[in-house]
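# Just a sequence and a predicted model for now, questions to come.
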Amino acid sequence: MRRRFRMPDEGDLAAATIEDEGSAKSKMKPFRTIGPSVPPREGTGDEFAVPRAEMIERQLRRRGISDSRVLSAMAAVRREEFVPTEFRPRAYEDAPLPIGEGQTISQPYIVAAMTCALHLTGNERVLEVGTGCGYQAAIFSQLVKVVFTVESLSELAATAAARLERLGYANVHVHCGDGTLGLPDVAPFDAILVAAAAPGVPEPLRSQLTEGGRLILPVGDAENQELLYLERHDNSYETHTLEACRFVPLVGYYGWKEPPAR
Ligand code: SAH
């Protein structure tokens, strides 16, 4: 197993305000999952095949998710691998579930809806902010060329990186740090998804979009947010409001300075 760590440079750390138990070392620990491309296990002993198929039908298709590439990705990724053992039997529930550290894996429908909104065709470089357990990154992995994902909590970043590598998602690169800063070293991105609730649109994320690039993120207060969709054209951003949603807070320099009371 090979994993390359890139130590942060001054610029990365200067703006990071995430509270972190450790030293600067644990503040920005990019984990790069590089390794042999082992296809995700398929077919054998799939005890979750039925609940997964039901999730696709009841939670996604019936609610209007019709993009066949997104549906295939949701059918291929084993959600039970991304939740803590005690929650495996509930992996396909129509709800977010705890993943430790006070964070959650998003509800399947919201993962599918946000992914659809980005209109991915297969060649994109994508950034996800808020890796959590790595489930959304695994979905992206099926749909685009390369996925960069940033998680601020080092435990979650390390676990997600190891899990994605074990499951063979070789085009996903996990970084640890404040994702509100984006990833200037590997920008720009054709699409950016923020999986945590922001008080506004983080400027670095907008500016790290390619021409025609798309950004989707939940914006609002601690309790209620709406999904915002932005598309970059020249230096202006066409913006649409999509549906109401509820995410854990985006805590960082261009997010909440500290977790808002919930
Ligand atoms: N996409 C995830 C769900 C993420 S929950 C999945 O599929 O499981 C939101 C995550 O955002 C949490 O893990 C939280 O720790 C992380 N987060 C919050 N603020 C962040 C920031 N500034 N940078 C990176 N990650 C952040």
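Great, that's in hand. Residues are numbered from 1 along each chain as shown.

# When you work out contacts or count neighbours from here on, use the C-alpha atoms and nothing else.
Fine.

# Give me the average confidence score over the helix or strand hosting residue 148.
For residue 148, the host element (DSSP states H and E) is strand 146-151. In this model, strand 146-151 has a mean pLDDT of 98.

# I'd like to know which elements the next helix or strand after that strand is packed against.
Later in the chain than strand 146-151, the nearest helix or strand by DSSP H and E is helix 154-166. Applying 3 or more CA pairs under 8 Å, 6 or more residues apart in numbering; DSSP states H and E, one finds that helix 154-166 makes contact with strand 31-34, strand 172-176.

# angle of the strand holding residue 148 against strand 172-176?
Angle, strand 146-151 to strand 172-176, by axes from the mean of the first three to the mean of the last three CA atoms, to 10 degrees: 20 degrees.

# Neighbouring strands - and their directions - for strand 146-151?
Strand 146-151 pairs in its sheet with strand 125-129 (parallel), strand 172-176 (parallel), by DSSP bridges.

# Among the ones you listed, which comes closest to the ligand?
Nearest of the strands paired with strand 146-151 to the ligand, taken as CA to the nearest ligand atom: strand 125-129 at 5.1 Å.

# can you give me how far the closest one is from the chain middle?
How far strand 125-129 lies from its chain's middle: 7 Å, per CA atoms, centre = their mean, to the nearest Å.

# Who are the packing partners of the next helix or strand after that strand?
Beyond strand 125-129 on the C-terminal side, the first helix or strand identified by DSSP H and E is helix 135-143. Contact partners of helix 135-143 among helices and strands, from 3+ CA pairs under 8 Å, 6+ apart: helix 68-76, strand 146-151, strand 172-176.

# and the angle for helix 135-143 with strand 172-176?
Orientation of helix 135-143 against strand 172-176 (the same axes, to 10 degrees) gives an angle of 150 degrees.

# Now do the same contact list for residue 55.
Residues in contact with residue 55 (CA atoms under 8 Å, 6 or more residues apart in numbering) are 92-94, 108.

# Point out where the stretch 151-262 of the chain drops to low pLDDT.
Scanning the stretch 151-262 of the chain for pLDDT under 70 picks out 262.

# So which bits of it are right by the ligand?
By CA under 6 Å from any ligand atom, the part of the stretch 151-262 of the chain that sits against the ligand consists of 151-153, 177-180, 195-196, 248-252.

# Looking at those residues, which two lie furthest apart in space?
Greatest spatial distance among these (CA to CA): 177 and 248, at 16.7 Å.

# quick one, which of the two is more surrounded?
residue 177 (31 against 21; other CA atoms under 10 Å).

# quick one: which of the strands paired with strand 146-151 is nearest residue 232?
Of all the strands paired with strand 146-151, strand 125-129 sits nearest to residue 232, with 14.6 Å by CA to CA.

# Show me the contact partners of the closest one.
Contacting residues not belonging to strand 125-129 are listed as 137, 140, 144-151, 179-180, 182, 189-196 [CA under 8 Å, 6+ apart].

# Now the buried members of the residues you listed.
When the contacts of strand 125-129 are checked for burial by 16 or more other CA atoms under 10 Å, the buried set is 137, 140, 144-151, 179-180, 182, 189-196.

# for residue 84, what are its contacts?
Here residue 84 is in contact with 98-100 (CA under 8 Å, 6+ apart).

# For the stretch 1-150 of the chain, what lies in contact range of the ligand?
Taking CA under 6 Å from any ligand atom as the contact definition, the stretch 1-150 of the chain meets the ligand at 103-106, 129-136, 150.

# By neighbours, which of the residues you listed wins?
Within those, residue 130 tops the neighbour count with 31 neighbours, counted by other CA under 10 Å.

# doesn't residue 197 make contact with that one?
No. The pair residue 130 and residue 197 fails to qualify as a contact (CA atoms under 8 Å) at a distance of 10.0 Å.

# Identify the contacts common to these two.
residue 250.

# Please point out which parts of the longest strand belonging to the chain sit buried.
The longest strand of the chain (DSSP state E) is strand 209-220. Judged by neighbour count using 16+ other CA under 10 Å, the buried positions of strand 209-220 are 209-211, 213-220.
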